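[1] sequence-free structure coming up:
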């Protein structure tokens, strides 16, 4: 098995609302329309997809058709090259309608980071430090 | 904001068990040891990380220190180049201790896919079809 994640799909409550958040608010590029039923973004390295929550659960099996807990156990990180960028991305997310779950602050590992949640409560960490970022946006793992 | 996901972190119940599953079972490369407290894999494009569940929740805020539902609302997809690879990756995952949640089958969108869950129940779809895969493993979004 090639060590590769191709797509991260978020099960969302309102496809139009989430599309607006990611496309118009955060600036993630896509040519998709909500009426196509699934949205793919041209994100670097891994594709971010939005799909209705109930349909995503059903796509796995009806055993998964349950309410979601506040914490999913999964976080997505957006690493940046400067401390200042952490602040500006969090401000952008807030202006787009995100909830700031943890304001940017110094971390125990010598970095600087904060968390926001998207309209469905999925968590994004915006982080600086510890990792070198390549030209293509991928990380050099320490 | 650059459209980029740098890291996907899975909050796990047993870091050693999950490390064995991903490293020894699926063959994901890492030089990390469980005693370092967090594991990073050298996955393509996006970095997969494992971190203890309770610590990950606490890293966001104590509001997130809650039990997780069976369905997290998030799936990770591993896309492959042939139908046969879907079968072989699911077999590999099963041999590594994964649970097959949906056996490989033809999909409504003209592809072929199945789902497995990892030791914590995080869902991976193994899928063929619809997407062209570049040399570096990333997808051409249709």
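    Cool, got the structure. Note that the structure is predicted; figures quoted are calculated from it, not measured. Numbering: from 1, shown residues only, chains lettered A, B, ... in the order given.

[2] Where does the prediction get shaky in chain A?
    By pLDDT under 70, chain A contains no weakly predicted segment.

[3] Residue B:132 versus the residue of it found nearest chain B, what's the distance?
    Going by CB to the nearest CB, chain B is nearest to residue A:45 of chain A, at 2.2 Å. The way it works is simple: take the backbone N, C-alpha and C, and place the C-beta from them, glycine included. For residue A:45, the distance to residue B:132 equals 16 Å [CB to CB, to the nearest Å].

[4] more crowded one of the two?
    residue A:45 (23 against 11; other CB atoms under 10 Å in any protein chain shown).

[5] what residues are up against the residue of chain A closest to chain B?
    A:136, A:137, A:138, B:4, B:5, B:44, B:45, B:46, B:138 (CB atoms under 8 Å, 6 or more residues apart in numbering or on different chains).

[6] Ok, residue A:6 next?
    A:46, A:47, B:77, B:78, B:79, B:127, B:131, B:133, B:137, B:138, B:139 are the contacts of residue A:6 under CB under 8 Å, 6+ apart.

[7] go on, residue A:115?
    By CB under 8 Å, 6+ apart, the neighbours of residue A:115 are A:75, A:100, A:101, A:102, A:123, A:124, A:125, A:126, B:60, B:61.

[8] What of residue A:99?
    A:116, A:117, A:121.

[9] partner residues bridging it?
    In this entry, residue A:99 is beta-bridged to residue A:117, by DSSP bridges.

[10] And the closest residue to residue A:87 other than its chain neighbours, how far from residue B:49?
    With sequence-adjacent residues excluded and distances taken as CB to CB, 6 or more residues apart in numbering or on different chains, residue A:87 is closest to residue A:104, at 5.6 Å. According to CB to CB, residue A:104 and residue B:49 sit 20 Å apart.

[11] for chain A, what spans make up the strands?
    A:7-12, A:39-41, A:47-52, A:74-80, A:99-106, A:112-117, A:123-128, A:132-133, A:139-140 (DSSP state E).

[12] one step back: out of the contacts of residue A:99, flag the one nearest to residue B:110.
    For these, the minimum distance to residue B:110 (CB to CB) is 32.4 Å, reached by residue A:121.

[13] Could you count how many residues lie near the closest residue to that closest one other than its chain neighbours?
    Leaving out its chain neighbours, the residue that sits closest to residue A:121 by CB to CB, 6+ apart is residue A:70, at 6.6 Å. The burial count assigned to residue A:70 is 15, neighbours taken as other CB under 10 Å.
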